[in-house]
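Asker: following is a predicted model, sequence given first.
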Amino acid sequence: MHGTALPELPTLSPGVQLLDTDGRATGPLAALVVDQVIGADGPAVWVDSRGHAQTGPLLDVAPSDRVLDRIRVARGFTAHQHFALVQSLPEQIDEDTALLVLPAMDAPYRDDVGQREGERLCLRSLATVARIAREYDVPVLLTRTGTDAVADALATAADRTVECRQTALGPRFVTDEFETQVYPRGDGTVQTTLAFWRRVLAARCAGVETPETATETRPEVVFDGAH
Amino acid sequence: MPFTVDYRDGDVLAWTLTDDGARAEVVADYSPELFVTREGGPVAACREAVERLPSVVTTSTERRRRGWRSDPEDVLRVAVDDVDRLRPVAAHVRDRGEPGEYRCYDVDLTRGFRYCLDQGRSPEPAREPRPLAIDVPEPALGDESLDSLSVDGEDYTGDPGDLVARVATAIERADPDVLVCNSGEVVPTLAETATETGVDLQLGRRPGWQRLAGASTYESYGQVHHSPARYTVPGRAVVDRSNTFFYRQAGLDGCLDLVARSWKPLQELAWASIGNVLTAIQIREARARGVLVPWNSYRHEFFKSASRLHDADRGGHTLSPAVGVHEDVHELDFGSLYPNIICTRNISPETVRCDCHDRADVPGLGYSVCDEPGYLPDVLGPLVSARAEMKDQRAAVTDPDRRDALDRKVEALKWILVACFGYQGFSNAKFGRIECHEAINAVAREILLDAKETFERGGWRVVHGIVDSLWVTAAPDVPDDERRPLEDLAAEVSAAAEIPLEYEATYDWLAFVPRRDGAGGALTKYFGAVADDEGYKYRGIECRQDSTPPFVADAQRDLIRVFDESHDPAAICARLAHHLDRLRSGAVDPADLAIETHTSKAADAYDQRTRTVAALERASDRGLERRPGQAVRYVVVDDGRGSRERVRLASEDPGEYDESFYADLLVRAAESVVSPLGWDRSDLRDRLADRTDAVLASFR
């Protein structure tokens, strides 16, 4: 990494945080989850909605396929299934859990049921998630897809927001304490693409485990002299 | 045997077919029921409050199971005075307590089906029902007045009063049991016309008609569908031909077979989807096992590692087709692969990933499958064997009517069996479970790969394989005397898979079409000549697609005949030129150029001015409103224009067409035919251009 200090993804602290992205959250979500898992002892627990649990994006950034063994997924295809999955979380979570992820948590409660019932179920799910974050001291990461009352409830329940903005340089993460810097590649170009994150994560996990294969990935975007 | 069931003024009229018509039994004391369970406490806690609800007749505590995996528990039975009050009462109960605390069951069963289940009476008619066809032209179902119709296949024109009188007479004479209409709207249109003209018309066996459900639009798997309004008349079943899958696919015989298996009365069966009928068959099994039908399914998938998700998510297995033309190809199919996997591997929502076993029963996924017999094999087993028996019977029967009837019954069952797999992965399925879907897929994949290996070891080349079908041809590098007979290998594969691998067809030649982007073969696009037969088989290519105009489809089939004779792309191209000449000379009947598309949204919701938008606007101008999900048929008359002048509706009898637009469609269809021979569109264009030059040259 050109001898410079290793760039970092924002550290997810215990409590509920909302990942706010411009487009579909799949890529940034994968980078954050993989980063959290390789630095922790326990697994990430993923309650999925609307097909965000794609193994492709995870493998794109994972330094080793074995990381996938440490992400436990169950998909809630309807509001009621999602609700029941959240209620079953205490059986899945303990103090070692690295992270709890709930992508598009608002979507099933908006699309599958009447408004009143959707809001009731969603608020109850949020309360359960917040209680888990508190009791087990575990970081929780939510994303949302809408802008209505259900989506607002997610923002209200969150202790803080992690912003991820698509820039010409790739995705940039911003929190109150953290901002992705622009990283010089040493040859006059900079980039923060997901392929770049893959290399960052590979380097970061070197102390944790040895990657199976040192795959050479090309950056998705390279900007000459962009800074 | 209540053939059809009417709910009127709080009573149920259960109609039984008799030798001389039908008899109504008035059931005054029938109270539809729903059931309630509670999380984290006794359900009886809400009993007093529920009993005080205005529509509730009685409540009691019963022992039932809330799911296939569950033991019996105390549940609250709630009897209601009116079938239409079930949902409001259920919603009220659900909103009590914490979200998810009270859960309701047996809420959303269709009304006739519910009655039959509750009374334990099959809706299979005691005699063959008599159908009467009534078709009203579309404009009259919209704004225009009735000026023609057809009854029992006879066309009539005249003033509205006379036409309605024709219908009244036909109904009186025939005393039909089933009204088969081109649209549900025939019922209100005729009834209203009768009132306006003062003609006495009774469509049912008693006066009156009811609208059961309004029209609606819904989305499923990214596709928009339209569900037309449903109507019913007393004592007769109404079948809306525009809103029936099974009547269209399997006729009255096929429908009646499913009525007997699902206990959905004919009218409800006709409008039901495949999944809906499969669910009904499962609900009967659920009732027999004391299992309630959840209103909202809270049953979720179990947690698994992302790596297992990766393995499970791969879908049905397909080998890559060997693009090009192959001689002497044999097709072999696994009979009812998915239902047979379910039955032989005991795959069922309550057996996959059971609590009691920790074994890797499912290849590649490591899921356990319980030894206790699952309910799904119990449901599907009889359907698989019934279908096999009917196929055997059909082979032995000589009477053509009887053969046709058996064909339709076999066809009806086929669809149920085809759907049983996809249903398991359908998120809103009452009894589906995604892990079953994954397990079935994983087994199917292993079976296909094992079969491929067996054939290759036996001296055959597998040129293609899709889920349950294999296409094989003699491997060129293996001497004939070292090749094992196909029958022996099929028997070996069948025994290993515990599922029969059946001979389907032999082709003199079979052509696999490459993908247009050049990246290998299109998975399901092929055509070929069936051996010892005049016929051809077409899959996935233009002539099989509903949207292809008849002229283009016919021309493509003609090109395939030339392919058969010559295997020569130049000869096919010459024939294409002939069809292009006809098209350009204006000799093609515009009716043969109609394109049918299913709209996905309303005309004003489209961003671009597509042909479909132009057609929708023309339809709207004529009061023929098309809802998303409905079909519209049009002829392209001037593709260069952006306005509604670009097309004409097929019903407008257009007298002209856009030659170059259709020439392009034709060339595309021809490309599919020549591409297995190594030609692409530019080769066709070059050859056609040479020919045009040659024609021009001959005039010099």
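Answerer: Thanks, I have the structure now. Numbers count the residues shown, from 1 in each chain, chains lettered A, B, ... in the order given.

Asker: phi, psi of B:Arg357?
Answerer: Rather than Arg, residue B:357 is His. phi -130, psi 150 (degrees, to the nearest 10).

Asker: per-residue confidence at the residue in the stretch 101-250 of chain B positioned nearest to chain A?
Answerer: Nearest residue of the stretch 101-250 of chain B to chain A, counting by CB to the nearest CB: B:Arg103, 8.9 Å away. Just so you know, the C-beta spots here come from the backbone N, C-alpha and C atoms, and that holds for glycine as well. On pLDDT, B:Arg103 comes in at 96.

Asker: ok, and the closest non-adjacent residue to it?
Answerer: B:Thr37 (5.1 Å; CB to CB, 6 or more residues apart in numbering or on different chains).

Asker: list the neighbouring strands of the host helix or strand of that neighbour plus their orientation.
Answerer: If you go by DSSP states H and E, B:Thr37 is part of strand B:33-38. Applying DSSP bridges, strand B:33-38 is found paired with strand B:73-80 (antiparallel), strand B:102-105 (antiparallel).

Asker: can you say which of those strands is packed in most?
Answerer: Of all those, strand B:102-105 carries the top mean neighbour count, a mean of 24, counting by mean count of other CB atoms under 10 Å in any protein chain shown.

Asker: hey, C-alpha coordinates of the helix or strand just after it in CSV?
Answerer: Downstream of strand B:102-105, the next assigned helix or strand under DSSP H and E is helix B:111-119. What follows is helix B:111-119, C-alpha atoms only, in CSV (Å, rounded to 0.1, in the frame of the first residue of the first chain):
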residue,chain,number,x,y,z
ARG,B,111,-66.4,-18.8,-0.3
GLY,B,112,-67.5,-21.9,-2.3
PHE,B,113,-64.4,-23.8,-1.4
ARG,B,114,-64.8,-22.9,2.3
TYR,B,115,-68.4,-24.2,2.4
CYS,B,116,-67.4,-27.5,0.8
LEU,B,117,-64.5,-27.9,3.2
ASP,B,118,-66.6,-27.0,6.3
GLN,B,119,-69.4,-29.4,5.2
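
Asker: indicate the residue of chain A located nearest to chain B.
Answerer: A:Phe77 (3.3 Å).

Asker: what about that residue, which SS state?
Answerer: coil (DSSP: H, G, I helix; E, B strand; the rest coil).

Asker: list the beta-bridge partners for residue 15.
Answerer: As the question left the chain open, I've gone with chain A. A:Pro139.

Asker: looking at chain B here, not the other one
Answerer: When bridges are called by DSSP bridges, B:Trp15 pairs up with B:Thr4, B:Ala24.

Asker: and the most centrally placed residue in chain A, what does it touch?
Answerer: Centroid check for chain A by CA atoms, centre = their mean gives A:Leu29 as the closest residue, at 3.1 Å. Going by CB atoms under 8 Å, 6 or more residues apart in numbering or on different chains, A:Leu29 touches A:19, A:21, A:52, A:57, A:101, A:103, A:141, A:143.

Asker: likewise B:Leu86?
Answerer: Residues near B:Leu86 by CB under 8 Å, 6+ apart: B:32, B:34, B:80, B:107.

Asker: that one should be in a helix, yeah?
Answerer: Yes - looking at B:Leu86 with three-state DSSP, it is inside a helix.

Asker: per-residue pLDDT, it?
Answerer: pLDDT, B:Leu86: 95.

Asker: how about low-confidence regions in the chain?
Answerer: Picking chain A for this. Applying pLDDT under 70 to chain A picks out residues A:1-8, A:167-171, A:177-197, A:199-200, A:203-227.

Asker: my question was about chain B
Answerer: B:217-225, B:315-316, B:518-521, B:692-700.

Asker: got the domain boundaries for chain B?
Answerer: Following automatic domain parsing, one gets these domains for chain B: B:34-111, B:124-288, B:312-528, B:541-588+B:661-699, B:590-656.

Asker: could I get these in CSV, plus columns for distance to B:Val26?
Answerer: CSV is the format used below for those (distance: least, CB to CB, whole Å):
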stretch, distance to B:Val26
domain B:34-111, 16
domain B:124-288, 11
domain B:312-528, 32
domain B:541-588+B:661-699, 46
domain B:590-656, 38
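
Asker: and chain B, which residues reach chain A?
Answerer: B:94-95, B:98-100, B:296-307, B:309-310, B:313, B:427-428, B:434 (CB under 8 Å from any CB of the partner chain).

Asker: residues near B:Val56, how many?
Answerer: For B:Val56, the neighbour count with other CB atoms under 10 Å in any protein chain shown is 20.

Asker: contacting residues for it?
Answerer: The neighbours of B:Val56, taking CB under 8 Å, 6+ apart as the test, are B:50, B:78-81, B:89.
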